[in-house]
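Q: Okay, here's the prediction I keep looking at, along with the sequence it came from:
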Amino acid sequence: MSDRPPLQLFNSLTRKLEPFEPVHEGEARVYTCGPTVYNYPHIGNMRAYAFADVLGRTLSWKGYALRHVINITDVGHLTDDADTGEDKLEKAAAGSGKSIWGIAAHYTEAFKADIAALNIREPAQWSVATDYIEPMIAFARSIADEHCYELEGGLYFDVSTVKDYGRLARAVTEEGEGRIEAVEGKRNAADFAIWRRTPPGETRQMEWDSPWGRGAPGWHLECSVMGEKLLGFPFDIHTGGIDHREIHHPNEIAQNQAFCGCGSLDEAAHSGARIWMHNNFLVERSGKMSKSSGEFLRLQLLIDKGYHPLAYRMMCLQAHYRSELEFSWEGLGAALTRLKRMVMGVDRLRGEKAGEPAHPKLAEARARFATAMADDLNTSVALVALEDVLATKKIDGGVKRAAVEEMDRVLGLDLFALEREDFRLRPRDAQITEAEIEAELLRRKEARAAKDFAASDAIRDSLAAKGVEVMDGDPLGWEWKLQ
Ligand SMILES: Nc1ncnc2c1ncn2[C@@H]1O[C@H](COP(=O)(O)OP(=O)(O)OP(=O)(O)O)[C@@H](O)[C@H]1O
Ligand SMILES: [Zn+2]
C-alpha cells in the first residue's frame, strides 16, 4: 500500500488527533500499563491489551520498528488508585495464606495465557516492577529534594512543584476531585506517596530498604521508571485504560516532569511521552467490569461456554477503542458468527500461494482499510473492508490471499490459522463428545438416505436433548452446533 495516509492518533493530553511523528527515526516506542497480578484478568482488562496490540500492529504495518513494553505490577498498586488503602497483592496474599510471589507468578501466567488466546503479540519486553526497585529508588532520590517531602507514611510528591498538574485528567481541583482521602500532613490533596514506608511493628512480604526507610515503591513511580529505563524520555506513546487518565497517568506525568526538569505540558514531550492514548471501558449493564468488585468475566469462562476466544477479539474490533463497549452474550454470539464467516471465506484461499496484493479490483477496499486504520485505528470500518476483499469475485486467489493476510496482520484475527474445527469448542458441561455427535449424524444421514424420516427425526431430537442443534442446510456449512 504505497500511498497510505499518515497515521493520526488521538492524544488524551491535548484532546486532539495528531499525526504520529516518531521521536527516533523509523522507530515506535510504546509503553503499556500492565496488569496488577493479584487476581485473574477479566475481559475488560484484556480490551486494554487488545487495543495496544492493534496499535502496535498498525505501527509495524506502517513500517516502524516497534519497541513495545508491557509491565507486570506485582507491588505498589493500592486498593484505591490514589493514595489510600492496602497493597492489592499484600491483601490477596493475606487472604489466601499463600506467598505473594507465588500469587504474582500464578496470575502473571494466567494473564499471559489470555494474551496468547487473543492472539496479542508478546511485547519486546515484559517488565516486572519488582525487578526495578534499585532504579526506582535512584529516580525518587533524584527528584526528592526539589519535589518531595517526608511524612510518617513515606515520601510524598508535592504536585504544586510541577506545571500543569492534572492536565491529562482535565478535572482535578484543589480537592483532587474530592476522591482523594486526606492523609495528615499532605500539602495538597492530590499529593501522593512515591515510597510507602512500612508502618512500625509491621512487616510486609515485599519490602526493601531505601533512604526513606524500609518499604515499597508507589505504583505511579514504577511506570515512570520502567518507561524511562526501557524506552528513554520522551518515548512515543503511552497507553492504558481510561481510568488511568484520572490519577495514575497524571501522577506519572508529574514525576516525569520532575525527573527531566521539564516545564509546561504545552510541550507534550515534557510529559515523558509524546502521545497518551486511552481505551474506553468494557461495561456490563450493571456498570464497569472490575476485578476489585469481585464479580467478573474471565476469558476462560467464554471458552467454557463454547465461544472461541477470538470472537471476543472480534467484538473489541467492532467498536472504536475510544467508545464504551457493552458486553452481552448476544453480541459475542454475533461476533463469533462474523468470525466464522470470515474463516469460511478464507477456507477457499488455503491452497493459494500469496502473491502481490495490489490489484485494481481490490484497490478501493485496500485504500478504505488504510484510511480507516490511519484515522485513529478505526477498526470497525477496516473490518468491513476486509470482508469486501473476501467477497470480491473473479480475482486470482493468490492476490486475494495476499490482501487478506496483509489486513489480518493489522487486525490480528489469525484467519489463516483458524479452521472450522477450532470453533467446535465444547462447553464444559456438554454431555456428549464430538465423536459421538459425528457418529449420530452419520446414522441420521443413513436414515435419511433410506427415507426413514421418523428415525432421522428421533436422532435429531435426542441430539437436541443433549444440547446439540443439528443445522440442516446451514449456509456456512456448519452441520451442528452446541446450544
Ligand atoms: N472494564 C474495563 N474495560 C477496559 N479496560 C479496563 C477495564 N478495567 C480495567 N481496565 C484496564 O485494564 C488494565 C489493567 O488493569 P489492572 O490490572 O490494573 O486492573 P485493576 O485496576 O486491578 O482492576 P479493576 O480496575 O478491574 O479493579 C488497565 O489499563 C485498566 O485501565
Ligand atoms: Zn502504569
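A: Yep, that arrived. Numbers count the residues shown, from 1 in each chain. Ligands and ions are numbered 1, 2, ... in the order given.
Q: name the element the residue of the stretch 351-483 of the chain at minimum distance from ligand 2 belongs to?
A: Closest approach between the stretch 351-483 of the chain and ligand 2, counting by C-beta to the ion: Leu377, at 20.6 Å. Backbone N, C-alpha and C define where each C-beta goes, glycine included. Here Leu377 is covered by no helix or strand, with elements defined by DSSP states H and E.
Q: Get me the contact residues on the stretch 101-250 of the chain for ligand 1.
A: 240-241, 243-244 (C-beta under 6 Å from any ligand atom).
Q: contacting residues around the residue lying closest to Arg313 once chain neighbours are set aside?
A: Distances taken as C-beta to C-beta, 6 or more residues apart in numbering place Leu118 nearest to Arg313, at 5.1 Å, with adjacent residues excluded. Leu118 sits next to 46, 49-50, 53, 299, 309-310, 312-313 when contact means C-beta atoms under 8 Å, 6 or more residues apart in numbering.
Q: per-residue pLDDT, the closest residue to ligand 2 within the stretch 51-200 of the chain?
A: Using C-beta to the ion, the closest approach of the stretch 51-200 of the chain to ligand 2 is made by Asn71 at 6.6 Å. pLDDT recorded at Asn71 is 97.
Q: do the same with the one 10 residues further on
A: The pLDDT attached to Asp81 in the predicted structure is 63.
Q: So which residues make contact with the one helix or strand Asn71 maps to?
A: Element membership of Asn71 [criterion: DSSP H and E] is strand 65-72. By C-beta under 8 Å, 6+ apart, the residues outside strand 65-72 that reach it are 26-35, 37, 49, 52, 56, 59-60, 104, 108, 111, 121, 123-129, 222-223, 226-227, 230-231.
Q: interface residues of the stretch 101-250 of the chain facing ligand 2?
A: Cys223 (C-beta under 5 Å from the ion).
Q: Okay, and the beta partners of the residue in the stretch 101-250 of the chain that ligand 1 sits nearest to?
A: The nearest approach of the stretch 101-250 of the chain to ligand 1 comes at Gly241, 1.9 Å away (C-beta to the nearest ligand atom). Bridge pairing for Gly241 (DSSP bridges) gives the partners Asn279.
Q: Help me confirm that it comes into contact with Met277.
A: No: here Gly241 does not reach Met277: they are 10.4 Å apart, not a contact under C-beta atoms under 8 Å.
Q: Neighbour count: these two, which is higher?
A: The residue with more neighbours, out of Gly241 and Met277, is Met277; 24 against 20, by other C-beta atoms under 10 Å.
Q: which SS class is the more buried one?
A: strand (DSSP: H, G, I helix; E, B strand; the rest coil).
Q: so what's it up against?
A: 9-12, 55, 237-239.
Q: what's downstream of the helix or strand containing Asp145, the next helix or strand?
A: Per DSSP H and E: Asp145 is located in helix 133-147. Next in sequence after helix 133-147, counting helices and strands by DSSP H and E, comes strand 148-151.
Q: buried ones in that next one?
A: Within strand 148-151, the residues that count as buried by 16 or more other C-beta atoms under 10 Å are 148, 151.
Q: What pairs with it, parallel or antiparallel?
A: Assessed with DSSP bridges, strand 148-151 is paired to strand 154-157 (antiparallel).
Q: helix or strand right after the partner strand?
A: Following strand 154-157 toward the C-terminus (DSSP H and E): strand 192-197.
Q: Which elements pack onto that following strand?
A: helix 133-147, strand 154-157, strand 215-217, helix 219-231 (3 or more C-beta pairs under 8 Å, 6 or more residues apart in numbering; DSSP states H and E).
Q: Mean pLDDT and mean neighbour count added to these, as TSV?
A: Shown next, in TSV, are these (pLDDT from 0 to 100; neighbours: other C-beta atoms under 10 Å):
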stretch	mean pLDDT	mean neighbour count
helix 133-147	98	18
strand 154-157	97	26
strand 215-217	95	25
helix 219-231	97	25
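Q: Minimum distance to Gly85: which of these has it?
A: helix 219-231 (11.1 Å; C-beta to C-beta).
Q: all helices in the chain, in order from the N-terminus.
A: Using DSSP state H, the helices of the chain run over 43-61, 88-96, 100-117, 133-147, 219-231, 248-260, 299-304, 309-318, 329-347, 360-374, 379-391, 397-411, 434-449, 453-465.
Q: With just CA atoms, put the fifth one into PDB.
A: Written as PDB, here are the backbone C-alpha positions of helix 219-231 (Å, rounded to 0.1, in the frame of the first residue of the first chain):
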ATOM      1  CA  TRP A 219       2.600   2.300  41.800                       C
ATOM      2  CA  HIS A 220       3.000   5.600  39.800                       C
ATOM      3  CA  LEU A 221       6.700   5.600  40.400                       C
ATOM      4  CA  GLU A 222       7.000   2.100  38.900                       C
ATOM      5  CA  CYS A 223       5.700   3.100  35.500                       C
ATOM      6  CA  SER A 224       7.700   6.300  35.300                       C
ATOM      7  CA  VAL A 225      10.900   4.300  36.000                       C
ATOM      8  CA  MET A 226      10.300   1.400  33.700                       C
ATOM      9  CA  GLY A 227       9.200   3.700  30.900                       C
ATOM     10  CA  GLU A 228      12.300   5.800  31.300                       C
ATOM     11  CA  LYS A 229      14.700   2.900  31.700                       C
ATOM     12  CA  LEU A 230      13.400   0.800  28.800                       C
ATOM     13  CA  LEU A 231      12.300   3.400  26.300                       C
END
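Q: angle of it against helix 248-260?
A: Here the directions of helix 219-231 and helix 248-260 differ by 60 degrees (axes from the mean of the first three to the mean of the last three C-alpha atoms, to 10 degrees).
Q: thinking Gly76 is in contact with Glu90, fair?
A: No: look at Gly76 against Glu90 with C-beta under 8 Å: they stay out of range, at 10.0 Å.
Q: So between these two, which is more surrounded?
A: Gly76 (26 against 21).
Q: The more buried one: what's it in contact with?
A: 87, 129, 196, 216-219, 221-222.
Q: cool, and Gly355?
A: 396, 398-399, 401-402.
Q: Filter these down to the buried ones.
A: 398-399, 401-402.
Q: Include distance to ligand 2 when you put the residues you listed into a markdown table, please.
A: Formatted as a markdown table, those follow (distance: C-beta to the ion, whole Å):
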| residue | distance to ligand 2 |
| --- | --- |
| Gly398 | 44 |
| Val399 | 43 |
| Arg401 | 40 |
| Ala402 | 38 |
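Q: Name the pair among those with the greatest separation in space.
A: Val399 and Arg401 (7.3 Å).
Q: Okay, now the unreliable bits of the stretch 351-483 of the chain?
A: Applying pLDDT under 70 to the stretch 351-483 of the chain picks out residues 426-428, 473-478, 480, 482-483.
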